[in-house]
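Peer 1: quick one: sequence plus predicted model below, questions after.
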Amino acid sequence: MALTEPEILAGLGEIVDEVAGVPADQVTPEKNFVDDLDIDSLSMVEIAVAAQDKFGVEIPDDQLKNLKTVQDVVNYVRSAEVSA
Amino acid sequence: MLMRLAEGAAGARILAFGGYQPARVVTNDELAATLDTTDEWIRSRVGIASRRIAGPDESLADMATAAGGKALAASGLSPADIDLVIVATCTPEAPIPNTAATVATRLGIAAPGAYDLNAACAGFCYALSAASDAVRAGSARNVLVIGAEKLSQWVDWTDRSTAIIFADGAGAVVVGPVTDPDEGPGIGPVVWGSDGSMADKIAIKDRDSFLAQEGQAVFRWATTAMHPVARRACERAGVHPTDLAAFVPHQANLRIVEAIARKIGAPQALVANDIVTAGNTSSASIPLALSKMIERGEVGSGAAVLLLGFGAGVCYAGQVITVP
């Protein structure tokens, strides 16, 4: 069963906390990974790998540059779940 | 006609280590003077504070000879005792002659078998395995194994994605037979492999090109595919990760080193971080890091240490060794 948006957001918060030490409650939809959460390109890879484990959705490297905000990742996971 | 086989040794072990780094230190601030980067940025991305770069007249063979000479002296063997020299490198001065024969002659090792081996950053672990096999098969009694790189000549010093990472240096070991059957092998079974479908991820495309890598792809591969290799190397050696005194992976990027270390299940093991002051020296990084850890007394005689090389090709190899 597909995850709801709040469930993905909560899962993503845990991942960002674990990978980059950013408290999960700061991982809100409008936040930009680079500008607001100070997450660099390598941490984005770690987030993508952890997201794959958690959500079962692969986020390839060539997609990472398009995922600028938390909402972008939530949308990506949701659309990938629908098409899966 | 019945042919005779060579008589080999029951096992192979490392007898001694040696390392060499060029004198010239290049700091992050020095790079930041010409590149769009800062000391803080470099430290946070790759964990490097400074690196060593060969002088203009310092060749790959010079560095390999220096490291090899130290290992040979530390082993207590004479040059005549060495009958095979392997140089792991991906930055030879030229396709021919190979580096190994030149280095052997400069060290006074007369007429050994001599070859270069290219498995990029996994080169040292490949060469160590080849040396161990040669000793066990009876093809050689004592082997000088050197990892040496002069990456600076292949780096575009205006490209901040690579200029901050790569460096020069050499590390060496002498491998010999296990003489006491009770002591067990000092070099465990290798776990190795490759994946040519990722050949373009780290490459020097032709003689007019510089070293280029896709950082994110390499990072993803190294942090997801290498810890299972490390764990298999422990399994094959019959050593539990919690029994490791140290983990010495290729010094690719401190964040890769730390990510793999977290995943192998050896929280007690000292993790090599020589990259901080040595940069990424490809096939030289493992023997260089380990020789310094031994020199500083951080790992004692008899300690089990896990080595793990990985890089361009992509190629990878890991094995457990016992510190001499």
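Peer 2: Received it, and whenever you're ready, just let me know what you need. Note that the coordinates shown come from a computational prediction; the quantities given were computed from them, not determined experimentally.

Peer 1: alpha carbons only for contacts and neighbour counts from here, please
Peer 2: Will do.

Peer 1: interface residues of chain A facing chain B?
Peer 2: Contacts of chain A with chain B, taken as CA under 8 Å from any CA of the partner chain, map to A:41-42, A:45-46, A:49, A:61.

Peer 1: quickly check those residues for the two that are furthest apart.
Peer 2: Largest separation among these by CA to CA: A:Ser41 and A:Val49, giving 12.7 Å.

Peer 1: ok, back up a step: now, which of the residues of chain A next to chain B sits nearest B:Thr34?
Peer 2: Among the residues of chain A next to chain B, A:Ser41 lies closest to B:Thr34 (CA to CA), at 22.6 Å.

Peer 1: in helices, which of the residues of chain A next to chain B fall?
Peer 2: Residues of the residues of chain A next to chain B located in helices (DSSP state H): A:41-42, A:45-46, A:49, A:61.

Peer 1: a markdown table for those, including neighbour count and pLDDT?
Peer 2: Listed next are these as a markdown table, based on neighbours: other CA atoms under 10 Å in any protein chain shown; pLDDT from 0 to 100:
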| residue | neighbour count | pLDDT |
| --- | --- | --- |
| A:Ser41 | 17 | 88 |
| A:Leu42 | 19 | 91 |
| A:Val45 | 22 | 94 |
| A:Glu46 | 22 | 92 |
| A:Val49 | 20 | 92 |
| A:Asp61 | 17 | 89 |
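
Peer 1: specify the local secondary structure of the residue most central in space within chain A.
Peer 2: For chain A, the residue nearest the mean C-alpha position is A:Val73 (4.4 Å; CA atoms, centre = their mean). Secondary structure assignment for A:Val73 (DSSP: H, G, I helix; E, B strand; the rest coil): helix.

Peer 1: go ahead and confirm it touches A:Lys65.
Peer 2: No: if you go by CA atoms under 8 Å, A:Val73 and A:Lys65 don't touch, sitting 10.9 Å apart.

Peer 1: just checking, next helix/strand downstream of whichever helix or strand B:Ala134 is part of?
Peer 2: Assigned by DSSP states H and E, B:Ala134 belongs to helix B:123-137. Toward the C-terminal end, the helix or strand that comes next after helix B:123-137 (DSSP H and E) is strand B:143-150.

Peer 1: next secondary structure after that next one?
Peer 2: Past strand B:143-150, the next helix or strand by DSSP H and E is helix B:160-163.

Peer 1: please see if that following helix touches chain A.
Peer 2: No: shown here: helix B:160-163 not in contact with chain A (CA under 8 Å from any CA), separated by at least 12.0 Å.

Peer 1: gap between the next helix or strand after that helix and the chain center?
Peer 2: Per DSSP H and E, helix B:160-163 leads on to strand B:168-177 as the next helix or strand towards the C-terminus. Per CA atoms, centre = their mean, to the nearest Å, the displacement of strand B:168-177 from the mean C-alpha position of its chain is 9 Å.

Peer 1: partners of strand B:168-177 in the sheet?
Peer 2: In the sheet, strand B:168-177 lines up against strand B:12-20 (antiparallel), strand B:143-150 (antiparallel) (DSSP bridges).

Peer 1: burial of B:Gly69, as a residue count?
Peer 2: 25 (other CA atoms under 10 Å in any protein chain shown).

Peer 1: could you check which helix or strand contains it?
Peer 2: helix B:60-75.

Peer 1: for the record, mean pLDDT for that helix?
Peer 2: Across helix B:60-75, the average pLDDT comes to 98.

Peer 1: what's the answer for stretch B:15-22, then?
Peer 2: Here the average pLDDT along stretch B:15-22 is 97.

Peer 1: show me what the longest helix belonging to chain B is packed against.
Peer 2: As assigned by DSSP H, the longest helix anywhere in chain B is helix B:215-237. Other elements packing on helix B:215-237 under the criterion 3 or more CA pairs under 8 Å, 6 or more residues apart in numbering or on different chains; DSSP states H and E are helix A:41-55, strand B:191-194, helix B:254-263, strand B:304-311, strand B:315-322.

Peer 1: out of those, nearest to B:Gly238?
Peer 2: Proximity to B:Gly238 (CA to CA) singles out strand B:315-322 among the helices and strands packed on helix B:215-237, at 9.4 Å.

Peer 1: OK, contacts around B:Arg106?
Peer 2: B:Thr65 (CA atoms under 8 Å, 6 or more residues apart in numbering or on different chains).

Peer 1: quick check: it vs B:Thr65, distance?
Peer 2: As judged by CA to CA, to the nearest Å, B:Arg106 and B:Thr65 stand 7 Å apart.
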